[in-house]
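Participant: Give the three-dimensional model of this entry:
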Amino acid sequence: MRRLAGYAALASCAAAPGLALAPAYAEPVTVAATLSVWAVAGVLVAGLLRRYFPAPAVLLLGLPVAFAGTAVLVAVFPGAATSVWWGTLDAVANSGARILTTALPTTVAADTLALPALAIWLSGVAAALAYHSDHPLAAVTCPLLALVGAAVLNGPEVRHAYLPTALFALAAVLLLALSAGGATGPRAAEVRVATKRAVRAGRLSRALALGCVVAVVATLTTYIGPLALYGSAVSPADLRAVVTPPEEDTSGASPLSYLPEWAAEPGEHLLTVTADEPTDLRWATLSDFDGITWRPESRYRSAAEELPAPETVVPDGPNQEVTVEVDALPGHWLPVVGVPRHVSGASVAYAPESTTLRTADGSAEDAEYTVIGQVPSYEEENLNAAGEPDKEQFERYLRFPEDPPEQITEIAERFSDGTPYQRANRLAGYLRGNYGFDPESSGGHGYANLDTLLVAPGEKGGGGTSEQFASAFALLARASGLPSRVVVGFGPGTAEDDQTYTVRTGDAVAWGEVYLEGVGWAPFDVTPGDPKENGASAVSDAGGGGAADESWDGGSPEEDTDESEASGAFLDVTHAWWTVGWVGTGLLAALVAGALFTTALRAVRRRLRLTAGPPEKRLTGAWWELRDEMRLARAGPLPSDTVADVLARCDELLPPPEGRDRRWTLATTMNAMAFMGPAGAHGERVSADAAHRAVDEVRTYTADLRAAQSHSRRLLWWTDPRPLFWGRR
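Facilitator: Reported below is the predicted structural model:
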């Protein structure tokens, strides 16, 4: 039973890191079960091999088992490689990089599970070897290092692992308690013959002590710990922010460059959309401009079906589901609805900054997938109240190549008054009201093209496509100090039936977006003509973009309350601390009351032992009082000790004053009472005077014994309840 409990504690310690890491994956239950199996297997394999081989050999012999387990992972959760052999090698070599370059929640695949599985396996094997070598602290330390690694790998985005930490702490307490068997100290060699009652009492006391420790540890790790850490600015470093995913080559055609060709030939089929209602789609976001071309996001992270939250504020809005069948769409970008939150049917990569998707590998042609996205709704009142964001944080969206056309600076200066939204809205209205849409205009959206298109404020401009107008708007916004970017997308297309829409080249459109503090990225329809519901907002009465939709009440600051999310659930911190205070006060009061009650009971029992009853009873009471005091002083007599042995041990524990000899009346009286016949015609076996002297000797000796103890032991001497439960023969 003891060995089984030890293995259970080892397996629990080894499984805790996997349970802490599981919430970072798209399928946390599957990952938790898988990594727990690895932990249990590591402990059992090490325990089995340790019976026949030394520790170094166990580590070496365990490697083929771990490699075979990785191959099983590849077969069950295939990753990038196709064959099991190459997939196993790839998972072992690249697991860490795949985890750190994958967007949260992490995809469940062999190449994202291999590193955690092998680390948990190794910690379980090392813990088992240390435990069998009588090094319990080392056995606990190995899984602890893995648990710390799991917390660091999760980073600040994954919920806190309080419950796995509590599991580890409780298992560690049990493991250390199981390892603490055997007597220690100078009397370890003494043979104690204990009765069954004493054995049961010892087991009960150890179980109660262990239960108290477990209760304290559980309370600290699952309740007090989260409360103490709530609101702390300390959080794990985000390794994913440090490790940059591979950068793609974006020197090819910009998505914005396709618009002139598509505007000239608007009837070419691009994709088919299945949706409950007409839906606008976002295709690509372009944030970097070099004076000639707008470039799309170049760093995407592999993503699971459940996509991570965007990095910036997104207004509330309904979720919408669409199924997209791509026909002849160039590039690898995938059209999505609103801000995508879930995608299925295709392996994708995701850019949280731009909230856009691309295929994990290869082009988007012939791709078929279903995406659920949140369609933001905007209210003009909140747009008007929005402020400017931190310029350092959005420096990328304010970059302005040298030598821009003079018209950009002139137009931006003309509309430099008002709130950020008003300035952006007037810039969009200026482009829509002073220029025309010309599908036959030449392509290009760089400085040279805009120098030809734009005219000085007050003059009537020429015509262009949404390519030029989106580029012009983004640059005008940046010249006004507003973070901006260009978005390319598609309108709803042509309805084929109630839920099927055909999107052609003529449905492609570009618009601009400006970041407003408290609102997020706000779209602006800048193409001349009738306002389009194509992902950009409709034109307000004042001109420009920025739709009013009263379904959103964002923009107003949220009330600061004490209810915040912690450990995956909402926590009323004030109430929780009040609960801790009341419970702590109650426990303290109970401890004080228990100490006073214990002191009173022991004082009453001592008085009854030493003063009540006939001489023989008082002598017996003095004998047991002496033995109890010796046990409290950690020098209790053995069950086999005679009266002479006990009194000799008393003299060793507290020698008599120098030059004096302690004469124990208790020795002669106890022996006389034991070896003389029962009281009868010859009178009492112990005289009242002898009993009185023996009681006085015990009183004097026990008082001196207490005085010789440390201050803390003297303070707690009478509050110790154990003597009330010690058995009597």
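
Participant: going forward, measure contacts between C-alpha atoms and count neighbours the same way
Facilitator: Noted.

Participant: Residue 108 contacts residue 27, correct?
Facilitator: Yes: counting by C-alpha atoms under 8 Å, residue 27 is a contact partner of residue 108 at 6.8 Å.

Participant: These two: who's more crowded?
Facilitator: residue 108 (20 against 17; other C-alpha atoms under 10 Å).

Participant: Can you classify that one by secondary structure?
Facilitator: coil (DSSP: H, G, I helix; E, B strand; the rest coil).

Participant: distance of it from residue 22?
Facilitator: For residue 108, the distance to residue 22 (C-alpha to C-alpha, to the nearest Å) stands at 10 Å.

Participant: just checking, next helix/strand downstream of whatever helix or strand residue 287 lives in?
Facilitator: Using DSSP states H and E, the element containing residue 287 is strand 281-289. Reading on from strand 281-289 to the C-terminus, the next helix or strand found by DSSP H and E is strand 294-296.

Participant: Show me the contact partners of the next helix or strand after that following strand.
Facilitator: Where DSSP H and E defines the elements, the next helix or strand beyond strand 294-296 is strand 301-303. With contacts defined as C-alpha atoms under 8 Å, 6 or more residues apart in numbering, strand 301-303 is touched by 101-107, 245, 347-351, 360.

Participant: Compute the inter-axis angle for whichever helix or strand comes after strand 301-303 and strand 281-289.
Facilitator: Next helix or strand after strand 301-303 toward the C-terminus (DSSP H and E): strand 319-326. Using axes from the mean of the first three to the mean of the last three C-alpha atoms, to 10 degrees, the inter-axis angle of strand 319-326 relative to strand 281-289 is 80 degrees.

Participant: any residues touching the next helix or strand after strand 319-326, and which ones?
Facilitator: Reading on from strand 319-326 to the C-terminus, the next helix or strand found by DSSP H and E is strand 333-334. Outside strand 333-334, the residues that touch it by C-alpha under 8 Å, 6+ apart are 283, 284, 356, 357, 358, 359, 363, 364.

Participant: Residue 432 against residue 529, yeah?
Facilitator: Yes: shown here, residue 432 and residue 529 form a contact pair, counting by C-alpha under 8 Å, at 7.0 Å.

Participant: between these two, who's got more neighbours?
Facilitator: More neighbours surround residue 432 than the other of residue 432 and residue 529, with 23 against 12 (other C-alpha under 10 Å).

Participant: Who are the packing partners of the strand or helix carrying that one?
Facilitator: For residue 432, the host element (DSSP H and E) is helix 420-434. Here helix 420-434 touches helix 380-385, helix 466-479, strand 508-516, going by 3 or more C-alpha pairs under 8 Å, 6 or more residues apart in numbering; DSSP states H and E.

Participant: What is the strand holding residue 287 packed up against?
Facilitator: strand 294-296, strand 333-334, strand 356-359, strand 484-490.

Participant: Now it - C-alpha only, PDB.
Facilitator: Taking Å, rounded to 0.1, in the frame of the first residue of the first chain, the C-alpha atoms of strand 281-289 are listed here in PDB:
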ATOM      1  CA  LEU A 281     -15.400  39.800 -46.800                       C
ATOM      2  CA  ARG A 282     -11.900  41.000 -45.700                       C
ATOM      3  CA  TRP A 283      -9.100  39.500 -47.800                       C
ATOM      4  CA  ALA A 284      -5.700  41.200 -46.900                       C
ATOM      5  CA  THR A 285      -4.500  44.000 -44.700                       C
ATOM      6  CA  LEU A 286      -1.600  46.200 -45.900                       C
ATOM      7  CA  SER A 287       0.400  48.100 -43.300                       C
ATOM      8  CA  ASP A 288       3.800  48.800 -44.800                       C
ATOM      9  CA  PHE A 289       4.400  51.400 -47.500                       C
END
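
Participant: relative to helix 466-479, how tilted is it?
Facilitator: Going by the same axes, to 10 degrees, strand 281-289 makes 50 degrees with helix 466-479.

Participant: you'd agree residue 631 is in a helix?
Facilitator: Yes: counting by three-state DSSP, residue 631 is located in a helix.

Participant: quick one: low-confidence ranges for the stretch 101-250 of the chain?
Facilitator: Applying pLDDT under 70 to the stretch 101-250 of the chain flags the ranges 180-236, 244-250.
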